[in-house]
Structures are given as structure tokens and as C-alpha cells.
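In: Provided below are the primary sequence and the corresponding predicted coordinates.
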Amino acid sequence: MSAKILYTITDEAPLLATYSFLPIVQAYAGQAGVDVETRDISLSGRILAAFADLLPEDQRVSDDLAELGRLATTPEANIIKLPNISASVPQLKAAVAELQAQGYALPDYPDDPRTEEEQDIRARFDTVKGSAVNPVLREGNSDRRAPESVKGYARSNPHSMGAWSADSKTEVATMGHDDFFSNEKSVVLPADDVLTIQHVAADGTVTPLKEGLKVLAGEVVDGTFMNAAALDEFLVAQVARAKELGVLFSAHLKATMMKVSDPIIFGHVVRAYFKDVYDRYGEELLAAGLDGTNGLAAVLAGLDDLDNGTEIRAAFEQGLADGPRLAMVNSDKGITGLHVPSDVIIDASMPAMIRTSGHMWGPDGEEADTLAVIPDSSYAGIYKAVIEDCKANGAYDPTTMGSVPNVGLMAQKAEEYGSHDKTFEVPADGTVQVVNAAGEVLMEHAVRQGDIWRACQTKDAPIQDWVKLAVTRARATGDPAVFWLDENRAHDAALIAKITEYLKDHDTDGLDISIMAPEAAARHSVERIRQGLNTISVTGNVLRDYNTDLFPILELGTSAKMLSVVPLMNGGGLFETGAGGSAPKHVQQLQGENYLRWDSLGEFLALAESFRHLGESTGNAKALVLADALDKATGTLLKENKSPARRIGQIDNRGSHFYLALFWAEELAAQTEDPELAAKFTTLAESLRAQEETISAELIAVQGSPADVGGYYRPDDDKATAVMRPSATFNAALDALGA
């Protein structure tokens, strides 16, 4: 097997941090004969790859994501995956505009493609939108947890937690009927087949929505829909309820990952909040494509093109004045939670609200109780359970609370995040059917125009692997493992039957393994974390995403410090480095003040596991030495409090990288397993320690002035390198190691 690690080039703060950290990684890895190569899976890189054949030769880039996807199915895979942008349409358009300004001959994103050429362009862009990266790379299930060193640090250095009171008005509102949860049907395929999803109109006209859908024996296929009329009725009622309660109105969706359904739902939210405006001007607004799907900001920007745009703008302003106060993304700039679909992402926004006394920021710049509107009831209950627990028992205590690690089902595009190509806004009243190759209707739903119908797939092999991983983690830790599945949900019932069968293949004697509906599992888990106990959450794909933000943010203050290992089903390894939800704010601060607060701890943890996997799979003993030394260095970094500080004048991301390099070199110099490595790193360790003050001063000296990296979505390599590697002394020491 190849002694090679592939390090992904991604977006925003993680990308900028890579300019600083990767040279360290490559210099150290080289001493163990390990090549560390990069592959570009950034939003800009994916856009350019999608149009490579239409670009001049000197502007073409390779499709690195496709290459990594192929590699992930092989035993040789060793991939470090940093957080990337899951692009909403506004983000996609912004990235295209930046690339065009940089000279790339890209077409504009067509909102309403009509010609064949426009439809081709739109189809290419659609491959880049939303969760385009993770389903390709995740050929295994997820094992995500807080390492002991991180948990210990959080207990000794607790992050701030807002106080809770029993009279808090914060609550979760969800539909509970006529939604994806309540309308779901599920089938388990008895044999390999090819399915068709089709719409049958009231007059019998059959229109294929998706053809050639290949499925395997044992695969679970689900179909469901959200009733648009019921959604509108629910949303209008919640706007009124927020006004009545005197709390902030906020909607929590996943318009980046769920790139078809949730943007449509977001548009419904905008139209419900401004119901009077759309009742009066809806004909003009909808004819102009200003339906709220891309957010209030896009609607307001489009008013300039309407004859009565000034009049409608005044109506929107009056709607803001008359409606409930909106939760804000940026109070100073007047950016509400309805402005941009990708600004409020449920898995980040709900934990942040819970951590802050159940508050979000209001238009006046003050915190306030909030009505959190989560239309689909599939998983809204987990947040409801945690909020009710906080009202009853107060805020959690990071110094004593337990942990909720996660084993997540996500391999081979399992569950909802793989459903984009099978999600449709219903074109006319009728039925949507899923039909097999023999023409038999496997499931069908009576639908109305505007309803949102979707299907998802979960293959059998990933389910078996998921059960195996859950048992493995329960055995390794001794902690109870809970499958978060609701027998009243069609998909979950199918999984429960499989889990019950597959658990028989494993030795579970002495293990505490159970199945609970998500809301009950959340209550059970928070009861235990208050006692300082750990409970492994074993969840499907979407809940994996929610839980691996919710609990780490409460336990550690961030989800970026989690260790995320994906044992790939064919023997390779994918090592993820935490979440990137705060990345945009960090980039803005770097651009304004040359200070990057992004914490690369997730990269340190992932890199150690990557070296360990490489060492074990290839017999490279030096890689194992690097891994053990890096783990120890990361522990020292935390103990010495050398993570990025909170304000200018102290070490930032670049400074933390220097200290990690120093501690790592000292651990390598001190270890006795490999004298050759010890000798190589002794000189470097002595040099870095002797020049610590000089290097730290050089890294801090650049802070306080604007920094130009040449682009937000596609920085200029030379400019970004200059900004992120400002210490000539440190750079020279690394160069000497390489030499």
C-alpha cells in the first residue's frame, strides 16, 4: 500500500489555516517517508471542475472530488477531509462572480433555464450545490467523539454557558402532521431492481420524475411528502404565536445540505412572515421569481427591477414593523434570519441558542427568548427535550457533564442527505408513485400542486457496518449505546427490524444496547450527562449531523474539537476535522485585522489518526511514532493553553500551529522507539525553543491591519501564503528540516 496521505483543500477559515499548517505537516511527514499531497474539493475548485471542458486550457482544473470518491472505495484511501462549503444558491452565485472577476470564463447561474444550453449549465451547477462533497467521500460510517485530552481540557477550562430559568418562553414549534415524518412510507427491496419515480396527474397523464434508479437487494427505500397548504397554515400560526408571546421568531432549516426541500420551505417561511405583502403583491413578486426561496435579501434586491418596487419595498418594511421581532444574524447590519437561507443552519443555530440561555439576538442587539420553528417533526423533538431539560434543571456544567459520542449511518449516501436528486416540488395535483421494473407500484402518495415529495435510499451493507461499529464502540468504551429510532416512523421501523437481526451476528454479552425514539433518547442522554455519564448515540445521517454539533457545543463550546474517524468499508480511512460553521466570521476578521481565530485542533486530532492508520496498514513504524508524538503534543498544547486566543495581540491560528510544531518536535526528539527520528527532530526542537520569543513576536506583529489574500472563495496562493506564514524565522527552521 502507498505511504501517502491526501489532504483536502477546502474553503474559508479551514483553507486559510491550511496555508499555515500544511507546510508543517509535509515537513514532518517527509521524515517518515510519507508523502502528503493535496486535492482541491473547495467550492471554487468544484465549480471550475464542472466546467473544465468549456474553459480555456490554462483555466482547467481536474475533478479532484471524483478522484477521491473513487479512491474512497479502495483499501489505499487515507484522506484528511476539512470542512467545506455546502453551497446555497446565493453562495454559489457569489463564488461564480468572484471567479469571473479573477478572469475565469464561467457562465452565470441560470435561475430559470429554458434553452438546452442553459439547462446543461444549470445541471452542472446543481452538481456543486449543497452537500456535494460528503456523500461522495463517505464510503464508511462515522465514529465521532471527544478525545480524553479535549474533554479533560474542557472540564478544567469550561466555556461560558448562559443561565436558564423555568419561566423561559423559548420553545420549539413543529408541525407534527402532514409533514415528512407523518407521511413517510418505506419498502425493503427483495432483490436488485431499477425503480422509477413518476407523477400521475388527475387526468391520468404519467410524467417520470426520476428514471433508472438502481437499488440492491435488502435496500431500504422511503418516500414521503410535506403538505404545502398545511405548512403555510402552520407557519402563519407560528408568526402570530411569536407576536403573541413577545419572543423572537426564528426558522431553523438545513438549506445547504437539503438543497431542494429546505430552500423551498425557506421560501414558504418568508412568504408566511410577509403574508400581507404576498397577499397584496404576490402576483408581481412570484412572476419575477421573488418567492423567498433565496431569502429576503434576494427579494429586496429584485425589487429594483419592478415598476412598483419602491411601493413593495415600503410594504416589506411595514411587514417587519408589524410582525414579531425576527432573530438576527447581524443586528448592526440589519441582517435577519430570513435574509439568506444559508445563514441559519439548524445543527449550529439550535445548539448555540440552547447554550445562550435559549436566546437569540434581536433587532435591538439584545438577547431574547425565541420561538424556534422547525417545520418537519422528524427530529424537532430532540431540541424540545433538551430545552425542557434546561428549563427544569438549569444550564449544563461543562466541568462535570458527561459526553454523547456518535456512531452515524452515512456510508454510500445513506438516508436524507443522498436525496437531492429524488426531491421534487409537485407540479400538479395527482399522485407520486415509486414503481419497480415490473411496473408494480411499491408506494404512492396523493399530492397537491406545490407539495414537496422526496425519497431516500439506505443500502443494506452500510446498515450492517453501522451495527458492527456501534457494537465495537460499546465494547471498547463500556458505555451504553442507544439507537435513536422511532418505531412509529416507516423508515425507522425498517431499520429496527434489520438491527434486531444483525445484532445477533455480534457478541453483545455484557453490553447495554437499546433502541429509543429520538426525543426519548435525547431525554435519556441529557439525564445521564448531568450525572457525568457517557451515552453513545447511534443515529442515522441527519441526526448524526445534528447530534455531533448539539452535544459537543454544549460540552466543549464547539464541535470543531471532535475526533471524527470514518473507517471506510473497503479498508481505507477518512479522517474528518470538525465542523466549519463559524468559518465565515473568522475569514472576515482576518481580512479586517489579520487575525485568524480558527482553531485547528480538529486537524491535529485527525492527522494523528491518519498517521496511525497509515502506519498500521503499511507497516511504517515511523508513521506510528509521528502519530503518538502528535497526540502527546496536542495534549501539551491544550495544557499550555496555546490554542488561538480571543483577541488581537495574542497568538492566533498561526501561533497555535507554531506551538504544535514545537511540542511535536520535542516529543519526537524525546521518544526512544526511533533514534533516527529523534536525532532529526532534536535539532529542530532546540532551534524552535531557542527562537520561541522571536517567532511568536513575528507572528503577532502582523496583526491589526487589513490582510489581502486575493479572494474569499479562491484566494491567491502567493498572497495567502504570505499572510499565513509571516515568520521568516519559523519558515527557515522548517526549510532546514526538509533539507
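Out: Yes, it's here.

In: alpha carbons only for contacts and neighbour counts from here, please
Out: Noted.

In: Might you report the residue contacts of S600?
Out: P14, A17, A560, N653, H657 (C-alpha atoms under 8 Å, 6 or more residues apart in numbering).

In: and the two most separated of these?
Out: A560 and H657 (15.7 Å; C-alpha to C-alpha).

In: Where does confidence bottom out across the contacts of S600?
Out: In terms of pLDDT, the lowest of the contacts of S600 is A560, showing 77.

In: part of a strand, is that residue?
Out: No: assigned with DSSP: H, G, I helix; E, B strand; the rest coil, A560 falls outside any strand and is coil.

In: How much space separates it from K81?
Out: Distance, A560 to K81, by C-alpha to C-alpha, to the nearest Å: 13 Å.

In: And for V260?
Out: For V260, the distance to K81 - C-alpha to C-alpha - is 25 Å.

In: Check M360 too.
Out: Distance from M360 to K81, by C-alpha to C-alpha: 31 Å.

In: Between these two, point out the one with more neighbours.
Out: M360 (28 against 25; other C-alpha atoms under 10 Å).

In: Just say helix, strand or coil for that one.
Out: Reduced to three states by three-state DSSP, M360 is strand.

In: Likewise for D369?
Out: For D369, the secondary structure call by three-state DSSP comes out as strand.

In: got it, and W453?
Out: Criterion first, three-state DSSP; result for W453: strand.

In: What residues does it make contact with?
Out: G223, T224, F225, M226, T423, F424, E425, V426, V432.

In: picking that back up, so which of the contacts of S600 is the closest to P480?
Out: Distances from P480 to the contacts of S600, taken as C-alpha to C-alpha, are shortest for A560 (24.4 Å).

In: one step back: now list whatever residues contact both of A560 and K81.
Out: By C-alpha under 8 Å, 6+ apart, the residues touching both A560 and K81 are T577.

In: Just the ones in strands from the contacts of S600, please.
Out: With strands defined by DSSP state E, no entry of the contacts of S600 lies inside them.

In: From these, pick the one nearest Y273.
Out: Nearest to Y273 among those, with distances taken as C-alpha to C-alpha, is A560, at 33.7 Å.

In: Does that closest one touch D599 like I think?
Out: Yes: in this structure, A560 is within contact of D599 by C-alpha atoms under 8 Å, at 7.5 Å.

In: Among these two, which residue is more densely surrounded?
Out: Neighbour comparison, A560 and D599: the larger count goes to A560, with 27 against 24 (by other C-alpha under 10 Å).

In: so V482 sits in a strand?
Out: Yes: according to three-state DSSP, V482 belongs to a strand.

In: bridging residues for it?
Out: Beta bridges link V482 to S514, S537 when assigned by DSSP bridges.

In: contacts for stretch 336-354?
Out: Residues contacting stretch 336-354 (C-alpha under 8 Å, 6+ apart): 87-88, 90, 250-256, 263, 266, 270, 293-298, 326-330, 359-360, 363, 383, 387, 545-547, 549-551, 553-554, 581.

In: Give me the subset of those lying in helices.
Out: 90, 263, 266, 270, 296-298, 383, 387, 545-547, 549-551, 553-554 (DSSP state H).

In: quick one on the thing from earlier: just the buried ones from the contacts of stretch 336-354, in PyMOL syntax?
Out: In PyMOL syntax, the buried subset of the contacts of stretch 336-354 is picked out as below (16 or more other C-alpha atoms under 10 Å):
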select buried, resi 87+88+90+250+251+252+253+254+255+256+263+266+270+293+294+295+296+297+298+326+327+328+329+359+360+363+383+387+545+546+547+549+550+551+553+554+581
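
In: got a list of what the nearest residue to K275 once chain neighbours are set aside touches?
Out: The shortest distance from K275 to any non-neighbouring residue, by C-alpha to C-alpha, 6 or more residues apart in numbering, is to V236 (7.7 Å). Applying C-alpha under 8 Å, 6+ apart to V236 gives the contacts A272, Y273, K275.

In: Okay, and which of the residues you listed map to helices?
Out: Those of the contacts of V236 lying in helices (DSSP H): A272, Y273, K275.

In: Specify the residue positioned farthest from the middle of this protein.
Out: Most distant from the centre of the chain: D203, at 42.6 Å, with distances by C-alpha atoms, centre = their mean.

In: For that one, which three-state class applies?
Out: Going by three-state DSSP: D203 is coil.

In: For G649, see how far away it is.
Out: 71 Å.

In: which regions of the protein sit below the pLDDT cut-off?
Out: 1-2, 416-419, 578-583 (pLDDT under 70).

In: domains for it, by residue range?
Out: 4-139+568-738, 242-392 (automatic domain parsing).

In: any chance of those in JSON lines, plus distance to R454?
Out: Shown next, in JSON lines, are the domains of the chain (distance: least, C-alpha to C-alpha, whole Å):
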{"stretch": "domain 4-139+568-738", "distance to R454": "16"}
{"stretch": "domain 242-392", "distance to R454": "8"}
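
In: Indicate which one of those domains is closest to S514.
Out: Closest among these, using C-alpha to C-alpha: domain 242-392, at 17.2 Å.

In: end to end, how far does that closest one reach?
Out: 22 Å.

In: What ranges does the stretch 351-500 of the chain have for its strands?
Out: Using DSSP state E, counting those that start in this stretch, the strands assigned to the stretch 351-500 of the chain run over residues 359-361, 367-373, 406-408, 423-425, 430-435, 441-447, 452-458, 481-484.

In: Top of the contacts of V236 by number of neighbours, please.
Out: Neighbour max across the contacts of V236 (other C-alpha under 10 Å) = Y273, 25 neighbours.

In: which residues does that one contact?
Out: L235, V236, V239, G319, G323.

In: Then I700?
Out: Counting by C-alpha under 8 Å, 6+ apart, I700 has contacts G649, Q650, I651, D652, G655.

In: Those residues, buried ones only, as a ChimeraX selection?
Out: Listed next is the ChimeraX selection for buried residues among those, using 16+ other C-alpha under 10 Å:
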select :650,651,652,655
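
In: Between the contacts of I700, which sits nearest T10?
Out: D652 (19.9 Å).

In: ok, that closest one - contacts?
Out: Counted by C-alpha under 8 Å, 6+ apart, D652 has contacts Y595, L596, R597, W598, S643, P644, A645, I700.

In: do L662 as well
Out: A685, L688, R689.

In: Am I right that the second one is in a strand?
Out: No: remark: L688 does not belong to a strand; assigned using three-state DSSP, it is helix.

In: Wait, it touches F730, no?
Out: Yes: contact criterion C-alpha under 8 Å: L688 and F730 qualify, at 7.4 Å.

In: State whether E117 is indeed within a helix.
Out: Yes: counting by three-state DSSP, E117 is part of a helix.

In: Distance of it relative to D111?
Out: From E117 over to D111 the distance is 13 Å, taken as C-alpha to C-alpha.

In: Report the spatially nearest residue to V587, omitting neighbours in sequence.
Out: A13 (5.5 Å).

In: what about the one you found, neighbour count?
Out: A13 has 27 nearby residues by other C-alpha under 10 Å.

In: What's the separation between it and P83?
Out: A13 is 9 Å from P83, by C-alpha to C-alpha.

In: beta partners for V187?
Out: V221.

In: what's the spacing between it and V194?
Out: For V187 relative to V194 (C-alpha to C-alpha), the value is 14 Å.

In: for L556, same thing?
Out: In terms of C-alpha to C-alpha, L556 sits 46 Å off from V194.

In: Compare those two and say which is more crowded by neighbours.
Out: Shown here are L556 and V194; by other C-alpha under 10 Å, L556 has more neighbours (25 against 15).
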